[in-house]
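Q: prediction below, plus the sequence it came from.
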Amino acid sequence: MFSSQINIINELSYRQIQNELKKRQLNSTGKKNIIIKRLKIAYEKEIINQSSYVTKFHYLPNEIYREIFDYLSSFDIINSFYGLNHRLNGIIRYIPMKLNFNNLNKIEYKRVLKHIVPKIIDQIMAIDLGESSKIISCFSSSCYSEFIIDLFIQSFNLIQFSNLRFLSLTALNQKQLETLFLIIPNMSSLRSLRLLEQNYCCSLNERICKLVLANDSHYSIDKNNHLTHVFIETSPPFKILTVFHKYFLNKISFDCIQINIRCALYFYPHGLTCLDCDGLSNLMSKMTYFKIHVTIGTFQPMFELIRRFSKIHHLSVKTTLQAYANGHQWAELLTQMPNIIKLDLDIDLLRLLRNDLIVLW
């Protein structure tokens, strides 16, 4: 009678064994103790079998590792995984690295420069040098930006980063600008340069407009031996642009230059007159495209700026300001720009109407 029950035990699932064991322990007398004993043995074997089915971390395929590493910073990857075994080392050696030193204090930053960066110098595709939120409480973020850039320049020559394609620099002083601008034209792999004159904590100016200057509206992103894209955030008197023009003219070519202009509102009408439009045009091999996104201010200073790019073929303007919704003003502007063959106007009148309704309400 009991032998058939005992033989069935080995066929029970993990959950069935648990339930059967609990049920029989509640009423176990006589020969039923044999069944309980067999159930316990089977239960223990099943636990061992279940644990053997669990996937070990080092058994994961390489694709899963790469996906995991996408969510980690370069520093975390090196600190946590590099050196554990040859397989992980091999995977890490082919991962493009991005360096962002935000949230590192001075001690951590020095340690990273000394022990981590040299290991991955050929893998580094992007570097972001600027302020750190951990340091702002100790001293000004602009001072930290100068410190972090100085120490990096002292530790490495940017030309060592043979695969560097993106470089971002925040709150540089005049000396740092000149030092780096002497090196950048010799960085053949660099494709994108981002320059912020001030960090966002220090800048109290409003962003009044975004400018895009390009050889044409579909500028290339794959050409060799020149920067395809430059992003600059600056304010009058445009210190970065002055040094930029001095060091890069006739030394390096560009497909696209994007400029975010920040300015105190009271200074806005006169601030744009400081912009060296001829110098910017000379930096492009054949600048035919000009795009402007106006976020604040009146139309007159911006129209004066557009007129100074008289050779452009394609003009694109985007705004939500009601002052730009005047056909007579556009007709007058276009008569002074004979080379324009295409005009894109994106004036969000619906948003203007919504704002007016909100004010009325």
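A: All right, it came through fine. Because the structure is predicted, anything quoted here is derived from the model rather than measured. Numbers count the residues shown, from 1 in each chain.
Q: which parts of the stretch 1-150 of the chain are helices?
A: Here the stretch 1-150 of the chain has its helices, by DSSP state H, counting those that start in this stretch, at 2-9, 14-26, 32-53, 62-69, 74-81, 86-92, 106-111, 117-120, 141-155.
Q: low-confidence stretches in the stretch 51-200 of the chain?
A: 51-57, 131-143, 199-200 (pLDDT under 70).
Q: now do the stretch 201-350 of the chain
A: Within the stretch 201-350 of the chain, the segments meeting pLDDT under 70 span 201-205, 216-226, 264-270, 285, 349-350.
Q: domains of this structure?
A: Here the domain parsing of the chain from automatic domain parsing is 2-53, 204-361.
Q: ok, Ile347 - how many residues close by?
A: By the measure other Cβ atoms under 10 Å, the count of residues near Ile347 is 18. The C-beta positions use only the backbone N, C-alpha and C, and glycine is treated the same way.
Q: please tell me I have it right and it contacts Ala323.
A: No: contact criterion Cβ atoms under 8 Å: Ile347 and Ala323 do not qualify, at 9.9 Å.
Q: isn't there a strand covering Ser316?
A: Yes: per DSSP: H, G, I helix; E, B strand; the rest coil, Ser316 lies within a strand segment.
Q: Phe299 is in contact with Cys209, correct?
A: No: the criterion here is Cβ under 8 Å, and Cys209 misses it with Phe299 at 11.5 Å.
Q: now do the strands in the chain.
A: For the chain, the strands defined by DSSP state E occupy 97-100, 124-129, 166-170, 192-196, 206-214, 227-234, 254-263, 289-294, 314-319, 342-347.
Q: between the second one and helix 141-155, how big is the angle?
A: Read it as strand 124-129. For strand 124-129 against helix 141-155, the angle by axes from the mean of the first three to the mean of the last three Cα atoms, to 10 degrees is 140 degrees.
Q: what's the spacing between stretch 91-107 and its chain's center?
A: Distance, stretch centre to chain centre, for stretch 91-107: 13 Å (Cα atoms, centre = their mean, to the nearest Å).
Q: no no, stretch 163-173
A: Distance of stretch 163-173 from its chain centroid, counting by Cα atoms, centre = their mean, is 12 Å.
Q: okay, now that stretch: how far is its last residue from its first?
A: Distance between the two ends of stretch 163-173: 26 Å, counting by Cα to Cα, to the nearest Å.
Q: contacting residues around it?
A: With Cβ atoms under 8 Å, 6 or more residues apart in numbering as the test, stretch 163-173 has contacts from 96, 122-131, 141-142, 145-146, 149, 158, 176, 180, 184, 187, 189-199, 202, 240.
Q: list buried residues within the residues you listed.
A: Neighbour-count burial within those applies to 123-127, 129-131, 141-142, 145-146, 149, 158, 176, 180, 184, 187, 190-199, 240; the criterion is 16 or more other Cβ atoms under 10 Å.
Q: what separation do you get for Leu164 and Asp128?
A: According to Cβ to Cβ, to the nearest Å, Leu164 and Asp128 sit 12 Å apart.
Q: overlap in contacts, these two.
A: Shared contacts of Leu164 and Asp128 (Cβ under 8 Å, 6+ apart): none.
Q: hmm, back to that, to Leu334, which of the strands of the chain lies closest?
A: strand 342-347 (7.1 Å; Cβ to Cβ).
Q: distance from the chain centre to that closest one, please.
A: Relative to its chain's centre, strand 342-347 lies at 29 Å (Cα atoms, centre = their mean).
Q: got the buried residues for it?
A: Residues Ile347 are the ones in strand 342-347 that count as buried (16+ other Cβ under 10 Å).
Q: tally of neighbours for Pro185?
A: Applying other Cβ under 10 Å, we find 15 residues neighbouring Pro185.
Q: again but with Arg66, I slipped
A: Close neighbours of Arg66, defined as other Cβ under 10 Å, add up to 13.
Q: isn't it up against Ile92?
A: No: the pair Arg66 / Ile92 is not scored as a contact, 9.8 Å apart, by Cβ under 8 Å.
Q: any idea how far the closest residue to Asn62 other than its chain neighbours lies from Ile68?
A: In space, and not counting its chain neighbours, Asn62 is closest to Ile91: 5.7 Å by Cβ to Cβ, 6 or more residues apart in numbering. Counting by Cβ to Cβ, the gap from Ile91 to Ile68 is 10 Å.
Q: if I pick the closest residue to Tyr82 other than its chain neighbours, what's in contact with it?
A: Closest residue in space to Tyr82, ignoring its immediate chain neighbours: Ile92 at 5.4 Å, by Cβ to Cβ, 6+ apart. The neighbourhood of Ile92, defined by Cβ under 8 Å, 6+ apart, consists of Phe69, Ile77, Ile78, Phe81, Tyr82.
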